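In: coords please:
(one chain, ligands or ions: 2)
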Amino acid sequence: MEIRGKRLRLLIKEEDIRRRVEELAGEISSSFSWDEPPVVVALLKGAFIFASDLVRAFKRPVIVDFMRVSSYGHSTESSGNIRILKDIETDIEGKEVLLVDDILDTGLTMKEIYEFLKMKKPKVLKTCVLLDKKERRRVDFEADFVGFEVPDRFLVGYGLDWGELGRNLRDIYYVED
Ligand code: 5GP
Ligand code: MG
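Out: Numbering: from 1, shown residues only. Ligands and ions are numbered 1, 2, ... in the order given. Purely as a prediction, here's the structure:
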């Protein structure tokens, strides 16, 4: 597999992702009270495929909403100053909320969005990421539910892009140097 002249190496197979997403859904599901439907908030664009598999693995109805954020600045590194391009449309006050992203890297994005959603006064706010690059963390933030710990490599596929390409790949790859 190759994108923009860079070779992609397989890291996590579709079948392993599928199995782990099912497990995560089970763990998350037993953590919800189910008094009323929980709200799943997924971050666009990277989390769209993970979130769609995750919500379909729940056996009871959930509300799905999306946010779109972008980091300021031109660097490929998160600047820690995120801009909200699209807010959720659901009133989450008093609700159980699960914030979902594709990957936790420096932690800046999740930490800022977590604090932003907290201000809307949910009853419970939990977080879930499919991938976690633990060694890259720059702020004190851990997700409640993590699919896989991954090495410090640039990852592509299953929603994650390499210059907007590769989101549709079924497996997760790393870009070879
Ligand atoms: P953080 O704020 O934790 O540094 O960055 C999180 C965001 O950076 C993720 O939502 C994702 O968009 C992007 N990101 C971090 N690492 C990778 C990676 O390896 N591949 C891709 N495609 N995006 C990444
Ligand atoms: Mg992202």
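
In: Any idea what the residue positioned nearest the centre of the chain is bridged to?
Out: The central residue of the chain, meaning the one whose C-alpha is nearest the mean C-alpha position (CA atoms, centre = their mean), is residue 101 at 1.2 Å. Beta-bridge partners of residue 101, counted by DSSP bridges, are residue 129.

In: check contacts around it.
Out: The contact partners of residue 101, taken as CB atoms under 8 Å, 6 or more residues apart in numbering, are 42, 43, 46, 47, 109, 110, 127, 128, 129, 130. To be clear about C-beta, it is placed using only N, CA and C from the backbone, and glycine gets the same treatment.

In: Among those, which lie within strands?
Out: Helix and strand membership here follows DSSP state E; of the contacts of residue 101, those in strands are 42, 43, 127, 128, 129, 130.

In: Which secondary structure elements does the longest helix seen in the chain sit against?
Out: Taking residue count as the measure and DSSP state H as the definition, the longest helix of the chain comes out as helix 14-31. Here helix 14-31 touches helix 48-57, strand 124-132, strand 145-149, going by 3 or more CB pairs under 8 Å, 6 or more residues apart in numbering; DSSP states H and E.

In: 6 Å - rerun?
Out: For helix 14-31, the packing partners by 3 or more CB pairs under 6 Å, 6 or more residues apart in numbering; DSSP states H and E come out as helix 48-57, strand 145-149.

In: so that helix versus helix 48-57, what angle?
Out: Computed by axes from the mean of the first three to the mean of the last three CA atoms, to 10 degrees, the angle separating helix 14-31 from helix 48-57 equals 60 degrees.

In: Show me what from the protein comes close to ligand 1.
Out: If contact is defined as CB under 6 Å from any ligand atom, the residues of the chain in contact with ligand 1 are 46, 78, 101-110, 154-156, 160-161.

In: Give the buried subset of those as a PyMOL selection command.
Out: This is the PyMOL syntax for the buried subset of the residues of the chain next to ligand 1, where burial follows 16 or more other CB atoms under 10 Å:
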select buried, resi 46+78+101+102+103+104+105+106+107+108+109+110+155+156+160+161
